[in-house]
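Enquirer: what's the 3D shape of this:
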Amino acid sequence: MKIILIVIDGLGDTPIPQLKNKTPLEAANTPNLDFLAKNGICGQVGPFWFKWQKYPRSDTCHLAIFGYNPKVYYLGRGVYEVRGINMKLKKGDVALRVNFGTVDKNLRIIDRRAGRIEKTQSLIKSLQGIEIERVKFLIKKSYGHRAGLILRGRDLSAKISDGDPHRIGVKVKKILAREKTKEAEFTAKILNKFLERAHQILENHPLNKKRIKKGLLPANYLLVRGAGMFKETISFKKKYGLKAGFIAGGALYKGIARILGMKEIKVKGANGLPTTNLKGKFLAVKKNIQKFDFIFLHIKATDNLAEDGNFQGKKDFIEKIDKNLKPILNLKNTLIVITGDHSTCCTLKRHCREPVPILIYGAGSDSVKQFSEKACQRGKLGKIKQLDLMPKILKLAEN
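Expert: Alright, predicted model coming up:
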């Protein structure tokens, strides 16, 4: 039996007073999701998070969904982000996420996104080829104000702190070693040197001088975070014997899928925004399902909208997903799994700890008639730990 896993990012939520105390999913008109729920089996998934985290995060939740225990396999967010923008990684590389930000002369942060600058290609070019103490610094543009950074050399460590304090009005953070080893201290030292040099180059860059003249914020500092060290991860094919493909817009999700050896199914207009080509994504699943045993489809915008507190937008986007999933409803010998990686609460404007609803279509039915947080609590699947989800899916696909 073929398997389609659809992860609607940040799907779960809590009741919203303006939606008559319903969640965006409950308030949405979703005839197709309800059909799948009514003719499938439902339940809840308890998202994974580390004890040191306040709430679940997308990277570790996705690893858990695929059955890769983050306590064993987690490489650090930077690794997945840089792989997501197609930077090649070698064993021992340290990778970080980067924001082009704006700082004043005292290195106090004015804007963490440099006015959401888009065209950073010339800035990236000016930072290419920097080498400090035999460590090469490789940088590549991601979307918007973001970039990926790789440190390549010997005796490196990912046990270093972030430079991004995640708020404005404070000074950038000095990179510190998070453990007392020569490698961590060396990595922190050379990364601080690189950031200082990069700041000098960006301060004097013609593009930034033009931006200042136009009254725009200069992109004059690299805010780095999420250091991780690359090492090989057992492939999805080797772990499960399944040939897997993926469709995703966001770099993180592409990166995780690539690290696990999944093959990308490219869809024009697929991105991580509400404008993503949903119709194209679902048609691509239908078109490619015979080439793969397993297809992972990621949909991002529900999470973004909830983080903005836009409950109406989240509701409308869920309805848009529902409308566009029609092409996969009539697939034969196929198990369809629809869930989220975690809940994102509109009232909190962030990820939250609520369990996520799940439906599995193609392996019997239960008494649930609607796809929602509340209705799925009564489902046959009960509450599943995220790490136990993949074994459950595989077992149902065998029957």
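
Enquirer: so what touches the helix or strand harbouring I3?
Expert: Assigned by DSSP states H and E, I3 belongs to strand 2-8. For strand 2-8, contacts defined as CB atoms under 8 Å, 6 or more residues apart in numbering pick out 62, 65, 242, 285, 289-290, 292-299, 302, 318, 321, 325, 328, 331, 333-341, 393, 397. (C-beta placed from N, C-alpha, C; glycine too.)

Enquirer: ok, then the element right after it?
Expert: Per DSSP H and E, the first helix or strand lying C-terminal to strand 2-8 is helix 24-27.

Enquirer: just the buried ones among the contacts of strand 2-8, please.
Expert: Neighbour counting by 16 or more other CB atoms under 10 Å classes 62, 65, 242, 285, 289, 292-299, 302, 318, 321, 325, 328, 331, 334-341, 393, 397 among the contacts of strand 2-8 as buried.

Enquirer: give me the domain ranges for the chain.
Expert: Using automatic domain parsing, the domains assigned to the chain come out as 2-74+233-398, 82-229.

Enquirer: what about A147, distance to I384?
Expert: 37 Å (CB to CB, to the nearest Å).

Enquirer: those two: who's more crowded?
Expert: Taking other CB atoms under 10 Å, A147 and I384 do not tie; A147 has more neighbours (25 against 19).

Enquirer: and that one, bridged to which residues?
Expert: On the basis of DSSP bridges, A147 is bridged to V98, K141.

Enquirer: just for the stretch 101-250 of the chain, where's the confidence low?
Expert: Within the stretch 101-250 of the chain, not a single segment meets pLDDT under 70.

Enquirer: how far does the strand holding I3 sit from the chain's center?
Expert: 16 Å (CA atoms, centre = their mean, to the nearest Å).

Enquirer: now stretch 81-88
Expert: 13 Å.

Enquirer: now swap in stretch 131-148 and tell me
Expert: With CA atoms, centre = their mean, you get 20 Å for stretch 131-148.

Enquirer: report the buried residues of that stretch.
Expert: In stretch 131-148, counting by 16+ other CB under 10 Å, buried: 132, 135, 137-139, 141-142, 145-148.

Enquirer: now do stretch 247-266
Expert: Residues of stretch 247-266 classed as buried: 247-262, 265 (neighbour count, 16+ other CB under 10 Å).

Enquirer: what ranges do the strands span in the stretch 201-350 of the chain?
Expert: 221-229, 244-247, 263-264, 294-299, 334-339, 343-345, 350-352 (DSSP state E, counting those that start in this stretch).

Enquirer: give the contact list for the closest residue to D162 other than its chain neighbours.
Expert: Spatially, and ignoring its direct neighbours in sequence, D162 is nearest to R225 (3.9 Å; CB to CB, 6 or more residues apart in numbering). Residues counted as contacts of R225 (CB under 8 Å, 6+ apart) are 77-78, 96-97, 162-164, 166.

Enquirer: most neighbours among those residues, which one is it?
Expert: In terms of neighbour count, L96 stands highest of those at 30 neighbours, by other CB under 10 Å.

Enquirer: checking that one next. Helix, strand or coil?
Expert: Recorded secondary structure, L96: strand (DSSP: H, G, I helix; E, B strand; the rest coil).

Enquirer: out of the domains of the chain, deepest packed?
Expert: domain 2-74+233-398 (a mean of 20; mean count of other CB atoms under 10 Å).

Enquirer: what segments of the stretch 51-200 of the chain are helices?
Expert: 58-65, 70-73, 77-84, 121-126, 182-203 (DSSP state H, counting those that start in this stretch).

Enquirer: how much space separates the closest residue to W49 other than its chain neighbours from I234?
Expert: With sequence-adjacent residues excluded and distances taken as CB to CB, 6+ apart, W49 is closest to P56, at 4.3 Å. Using CB to CB, P56 is found at 23 Å from I234.

Enquirer: follow-up on the earlier one: got TSV for the buried residues of stretch 131-148, with distance to Q312 too?
Expert: Converted to TSV, those look like this (distance: CB to CB, whole Å):
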residue	distance to Q312
I132	49
V135	48
F137	44
L138	42
I139	38
K141	33
S142	29
H145	27
R146	27
A147	33
G148	34
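
Enquirer: tell me which of the residues you listed is nearest to T120?
Expert: K141 (5.6 Å; CB to CB).

Enquirer: in contact with that closest one, which residues?
Expert: By CB under 8 Å, 6+ apart, the neighbours of K141 are 85, 120-121, 124, 147.

Enquirer: one more: T302?
Expert: 8-11, 24, 314, 317-318, 321, 340, 344.

Enquirer: now do the nearest residue in space to P31 that is not next to it in sequence against A306, distance only.
Expert: Leaving out its chain neighbours, the residue that sits closest to P31 by CB to CB, 6+ apart is D322, at 6.8 Å. With distances taken as CB to CB, D322 is found 17 Å from A306.

Enquirer: how about T30?
Expert: For T30, the distance to A306 (CB to CB) stands at 17 Å.

Enquirer: what does A375 give?
Expert: Distance from A375 to A306, by CB to CB: 20 Å.

Enquirer: again, but for I384
Expert: Taking CB to CB, one finds I384 at 22 Å from A306.

Enquirer: again, but for Q121
Expert: Separation of Q121 from A306 (CB to CB) stands at 32 Å.

Enquirer: pick out the residue nearest the middle of this structure.
Expert: With distances taken as CA atoms, centre = their mean, L252 lies nearest the centre of the chain, 4.1 Å away.

Enquirer: all helices for the stretch 251-399 of the chain, in order.
Expert: Along the stretch 251-399 of the chain, counting by DSSP H, counting those that start in this stretch, helices occupy 251-259, 278-288, 301-307, 311-324, 373-376, 389-398.

Enquirer: measure how the first one sits relative to strand 221-229, angle-wise.
Expert: What that stands for is helix 251-259. Between helix 251-259 and strand 221-229, the angle comes out at 30 degrees (axes from the mean of the first three to the mean of the last three CA atoms, to 10 degrees).

Enquirer: before I go, just wanted to say thanks for your time.
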